[in-house]
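> Dropping a prediction and its sequence here:
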Amino acid sequence: MTALKKTPHPSPGFADDDARWDAVVRRDRTADGAFVFSVRTTGVYCRPSCGARRALRKNVRFHASGAEAERAGFRPCKRCRPHERALDDRRASAVARACRLIETSEEPPSLETLAESAGLSRFHFHRVFKALTGVTPKAYADAQRAQKVREELGRTATVTEAVYGAGFPSSGRFYATAAELLGMTPTAFRAGGEGASIRVAVSACWLGKILVAATDQGVCAVLLGDDPDDLVRDLQGRFPKARLIGGDADFDRLVARVVGCVETPSRSVELPLDIRGTAFQRQVWEALRAIPAGSTASYTEIAQRIGQPAAVRAVARACASNPIAVAIPCHRVVRTDGSLSGYRWGVERKAKLLGRERALAVAVDSVSLALPYTPPLDWLLLLRHLQGRATAGVEQVYDGVYMRSVEVAGDTGLLTVSHHPTESRLEVTIRGAAARHAPELAERVRAVFDLDADLASVHAVLGADPWLAPAIRAFPGLRVPGAWSPFELIARTIVGQQVTVKAATTIMGRLANRLGRPIPGVPDGEPSLLFPLPRAIADGDLEAIGMPSQRVAALRGVARAFAEESIPFAESKGCTDGTKAALLALPGIGPWTVEYFALRALRDTDAWPASDLVLRRALAECAPSLSPAAVLARTERWRPWRAYAAMHLWNRVSQARAIR
């Protein structure tokens, strides 16, 4: 018998050349693996999603596989590497290897060990792992060990055996976290909650009866129903030997907060939760908590968001296992066609919850905030800095007010910031769907206007230097303007290389007008564009944008890095070395760009763009007789506040030019 050789066939969705070319134009990742295309003029073949500059249609041929393209004389593209597995697949495999290593190790491996097993840098691995699993490597390891200890407590003779069987290096290490892992003592957990105290209250709400139960760690159950006795029996089934007790005044207040959360499900209420489940369940539940009130997601979308697109049924089971109604909003998950699926507490309640959330989301279209600060703050100086760099269509400054378009989790709106006429506070108004994200937007405003600056410490260091003391006295309220988003700032910084501020602002306006996303319904004269996403700039049309080709290439490169999340951002303020190194490794990015980015986007108070021409001239004027090396040595005295020193020197030059 002759063996038949299997020949790859085109995917039904890309059966003809027109459909394939359309996929290439859109850089459709779903077409990867269905075919490859070759370019006659370069001699290479690529994936449909390749980010390289698009070839002319007349020079493109399509092939069912890479092997077919190579037989035709083409070599694989070095950028998209079509002869290897797709980037998403490689990342998924790397994270899967790390997960297996965590699961099979007696003690949780270090981040360095996990990153090495995945073949990635420590910072990049951390970001990829969290993007694909929804949790950090440490959280995954903690959840695995918690699951192991629960299993061991159920089958071993003693708690000590369970502790060491679960991989804890010592009983002391285990007991330090036992309450957090189990919600009660280990002995009580082994006995089905025997000896543990769970406070319980049953109340009425607009959905019927509600049972709230809490351990010392937080709310462990929120159950909905019609019969209070059924709700109590449900809880007893979970903890058959726990001691159910009534509450005290503190518990009554907690119950009131839970009922308030159910009464107004769109309101952001931070509840102490005692969430128990497998690592996968907790991952799904965290994804559910990220769905904005008034919105829904399908089981398929949740599976994709946690990086496990094939686990749709497992996601459904995790939703069904959720013991904490509304606070973990599994009611926001629907079928792919938008119809309502099952709900542990009844589909009718699910429909009512979603209806109330949508109604409240429409009603809440404006939020006003007051953001206090410790004076002094030079508001007009901040506005002047932002006004000269405002991207047309995205932001504007007028009559003492800063206004810009905003987007958080898909919700858009307009934000205005002004200064209170007599008090030390900024007044912020958020209009549109983005108003529901007021806390997050408030933090961004605080960063952009540097409201948390420690000016007393800044002045103590810089004011002691004769070079800077006059500037400190003249402008004591000078702050370091932050960045609305890291990508927007790095794009601005690249565009501003070797050109005037005015020229850079013009080019940024062209970028926004060409590639930005419009916000519908914005009144004339107000910002109506969202700044382009990294992928839009990486793949968009930048012809005749007003920059040299090398700078365009640098902008595309950094946009691609941001789109692929390959730039590690520090988890704590001041830890910027990894981010700086990653940016410096990109073509067209030099020390000045990185230091200016760190100064504004990373909030690095000691960032110092030493090669900046304006700074060098200002320093030369301070001490004309000193050598450049001696001047640079002098700046060491200004640590860790050199970013503020740079702002004062720039401001001094700007003020002198205004006088002239």
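Nice, I can see it.
> When you work out contacts or count neighbours from here on, use the C-alpha atoms and nothing else.
Noted.
> Low-confidence bits of the stretch 101-250 of the chain, can you list those?
Applying pLDDT under 70 to the stretch 101-250 of the chain picks out residues 106, 131-134, 143-196.
> Quick one: neighbours of the residue nearest to S295 when sequence neighbours are not counted, just the number.
If the residues on either side of it in the chain are set aside, S295 comes closest to R332, at 6.9 Å by C-alpha to C-alpha, 6 or more residues apart in numbering. Neighbourhood size, R332 [other C-alpha atoms under 10 Å]: 24.
> now swap in P421 and tell me
Using other C-alpha under 10 Å as the criterion, P421 is surrounded by 9 other residues.
> next one: L451
By the criterion of other C-alpha under 10 Å, L451 has 22 neighbours.
> hang on, it packs against Y373?
Yes. With contact defined as C-alpha atoms under 8 Å, L451 counts as touching Y373 (5.5 Å).
> wait, doesn't T493 sit right on L599?
No. Using C-alpha under 8 Å, T493 makes no contact with L599, being 11.4 Å away.
> neighbour count winner among those two?
Between T493 and L599, L599 has the larger neighbour count (other C-alpha under 10 Å), namely 25 against 18.
> Look up the closest residue to that one, ignoring the ones flanking it.
Leaving aside its chain neighbours, L599 sits nearest to A607 (5.0 Å; criterion: C-alpha to C-alpha, 6+ apart).
> Could you measure from the one you found over to L515?
A607 sits at a distance of 31 Å from L515 (criterion: C-alpha to C-alpha, to the nearest Å).
> which of these two has more neighbours?
Neighbour totals were compared for A607 and L515, and A607 leads with 25 against 18 (other C-alpha under 10 Å).
> Can you name the residues that contact that one?
Contact partners of A607, counting by C-alpha atoms under 8 Å, 6 or more residues apart in numbering, are 595-596, 598-599, 642-643.
> quick one: which of the residues you listed is most hemmed in?
Neighbour-wise, those (other C-alpha under 10 Å) top out at A598, 27 neighbours.
> how distant is the helix or strand containing it from the center of its chain?
In the assignment (DSSP states H and E), A598 maps to helix 591-600. Distance of helix 591-600 from its chain centroid, counting by C-alpha atoms, centre = their mean, to the nearest Å, is 21 Å.
> what do you get for stretch 600-618?
27 Å.
> So which bits of it are buried?
600-610, 612, 615-616, 618 (16 or more other C-alpha atoms under 10 Å).
> Which ones among the residues you listed lie within helices?
Those of those mapping onto helices are 600, 615-616, 618, per DSSP state H.
> where do the helices sit along the stretch 401-550 of the chain?
Secondary structure of the stretch 401-550 of the chain (DSSP state H, counting those that start in this stretch): helices at 438-448, 455-462, 469-474, 486-495, 501-515, 534-539, 549-563.
> Make CSV out of those helices and add mean pLDDT.
Formatted as CSV, those follow (pLDDT from 0 to 100):
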stretch, mean pLDDT
helix 438-448, 90
helix 455-462, 94
helix 469-474, 94
helix 486-495, 93
helix 501-515, 92
helix 534-539, 91
helix 549-563, 92
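> Looking at those, which is nearest to C46?
helix 534-539 (15.2 Å; C-alpha to C-alpha).
> Same list (the ones in helices among the buried residues of stretch 600-618) but as TSV, adding distance to S121 and pLDDT.
What follows is these, written out as TSV (distance: C-alpha to C-alpha, whole Å; pLDDT from 0 to 100):
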residue	distance to S121	pLDDT
R600	25	92
L615	35	91
R616	36	90
A618	40	90
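> Now for those: which two are most distant?
Top of the distance list for these (C-alpha to C-alpha): R600 and A618, 20.3 Å.
> can you give me the strands in the stretch 151-300 of the chain?
For the stretch 151-300 of the chain, the strands defined by DSSP state E, counting those that start in this stretch occupy 197-205, 208-215, 218-225, 243-245, 297-298.
> Oh, that last question was meant for the stretch 301-450 of the chain, not what I typed.
Taking DSSP E, counting those that start in this stretch, the strands of the stretch 301-450 of the chain run over residues 333-334, 366-372, 395-398, 401-408, 411-419, 425-432.
> Compare those strands and give me the one nearest P228.
Closest to P228 of the strands of the stretch 301-450 of the chain, according to C-alpha to C-alpha: strand 333-334, at 26.4 Å.
> which strands and helices sit next to that closest one?
Counting contacts by 3 or more C-alpha pairs under 8 Å, 6 or more residues apart in numbering; DSSP states H and E, strand 333-334 packs against strand 297-298.
> Give the other helices and strands that the strand it packs on contacts.
strand 333-334.
> residues making contact with the strand it packs on?
Here strand 333-334 makes contact (C-alpha under 8 Å, 6+ apart) with 288, 296-299, 340-341.
> Surely the residue nearest to S295 is in contact with Y299?
No. If you go by C-alpha under 8 Å, R332 and Y299 don't touch, sitting 9.9 Å apart.
> quick one: low-confidence parts of the stretch 251-400 of the chain?
Looking at the stretch 251-400 of the chain by pLDDT under 70, you get 263-279, 359-365.
> For it, just list every one of the helices.
With DSSP H, counting those that start in this stretch as the definition, the stretch 251-400 of the chain shows helices at residue ranges 279-289, 299-305, 312-320, 347-363, 379-388.
> Which one of those helices lies nearest to L415?
helix 379-388 (14.7 Å).
> Now do L235 against A214, distance only.
The spacing between L235 and A214, counted by C-alpha to C-alpha, is 11 Å.
> what is in contact with these two at once?
In contact with both L235 and A214: A221, using C-alpha under 8 Å, 6+ apart.
> And the pLDDT for I519?
At I519, the model reports a pLDDT of 87.
> right, and it touches E526 too?
No. Contact status for I519 versus E526: not in contact, 10.5 Å apart, counting by C-alpha under 8 Å.
> Among the buried residues of stretch 600-618, which one sits closest to V24?
Proximity of those to V24 (C-alpha to C-alpha) peaks at A601, which lies at 34.5 Å.
> quick one: contacts for that closest one?
The contact partners of A601, by C-alpha under 8 Å, 6+ apart, come to 482-486, 489.
> which residue packs closest to E565, ignoring adjacent ones?
The nearest residue in space to E565 (C-alpha to C-alpha, 6+ apart) is R127, at 7.4 Å.
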